[in-house]
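**Q** below are the sequence and a predicted model for it; my questions follow.
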Amino acid sequence: MKVKICGLQEPEHVLAAVDAGADYIGFVFAPSKRRVSPRQAAALASLIPPRVKRVGVFVNPTQDELDEAILVAGLDIIQLHGEESNEFCAKQVKPVIKAFSIISKNDVMNLGNYDVLYHLVDAPGTGYRGGSGHSFDWSLIPQGNKPSHLFLAGGLSSENIKKAINEVKPYGVDVSSGVETNGVKDIQKIKTFIHLAKA
């Protein structure tokens, strides 16, 4: 099971996630309380070994914004949470994680319209895209006909991660608020979540 810890802003949290076995570290460049600048992300990314992928999270970015963040922060993957088209995704030089807010089966069907390496299913955002701490109806995700590299996000925590994996059987899981205490990343919660997801 692949694990992505998202919305990291502090060196100690990056190191804790890497040491615990995270496969992907996510930096948020979109409007969010977890937002970092390309320079901040670069400093944090310098702590990440090559085996762990650096992911930049964006919402409806311009190409210039993407190019700058990729160059400055050394991103391996870009995650797009807005209304980006399949054509926009296809012209990127880095692999793309395209995120989809899931409310109905129609939203799930939309995954097939995007030819990207990774698809991510998430609960609809509240104030921002993603990171809401809410989950969606996992039964909407079909077992027989889903993308091979599907990330599950939205309201995941140590309390429900085993149930989520058993029900959805994703390629990977993505967590942000579920490893926080009072809105701040919690080292013990990061370690516990990764351990349970990989168990």
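**A** Alright, I've got the coordinates. Quick caveat: nothing in here was measured; it's all calculated off a predicted structure. Numbering: from 1, shown residues only.
**Q** neighbours of residue 106, just the number please.
**A** 9 (other Cβ atoms under 10 Å). In this view, the C-beta of every residue, glycine as well, is placed from N, C-alpha and C.
**Q** quick check: which element contains it?
**A** Residue 106 belongs to helix 105-109 when assigned by DSSP states H and E.
**Q** could you point out which element follows that helix?
**A** Following helix 105-109 in sequence order, the next helix or strand is strand 118-122 (DSSP H and E).
**Q** per-residue confidence for the spatially most distant residue from the centre of the chain?
**A** What lies farthest from the middle of the chain is residue 144; by Cα atoms, centre = their mean that is 23.2 Å. The confidence metric pLDDT takes the value 78 at residue 144.
**Q** contact partners of stretch 60-75?
**A** Here stretch 60-75 makes contact (Cβ atoms under 8 Å, 6 or more residues apart in numbering) with 27, 29-30, 38-39, 41-42, 45, 54-56, 58, 78, 80, 82-84, 92-94.
**Q** which of those are buried?
**A** Listed as buried from those are 27, 29-30, 38, 41-42, 45, 54-56, 58, 78, 80, 84, 92; burial here means 16 or more other Cβ atoms under 10 Å.
**Q** among these, name the ones in strands.
**A** In this view, the buried ones among the contacts of stretch 60-75 that belong to strands under DSSP state E are 27, 54, 55, 56, 58, 78, 80.
**Q** would you mind measuring from the third one to residue 63?
**A** Shown here: residue 55 relative to residue 63, a distance of 18 Å by Cβ to Cβ, to the nearest Å.
**Q** from the buried ones among the contacts of stretch 60-75, which shows the smallest pLDDT?
**A** Among the buried ones among the contacts of stretch 60-75, residue 30 has the weakest pLDDT, 94.
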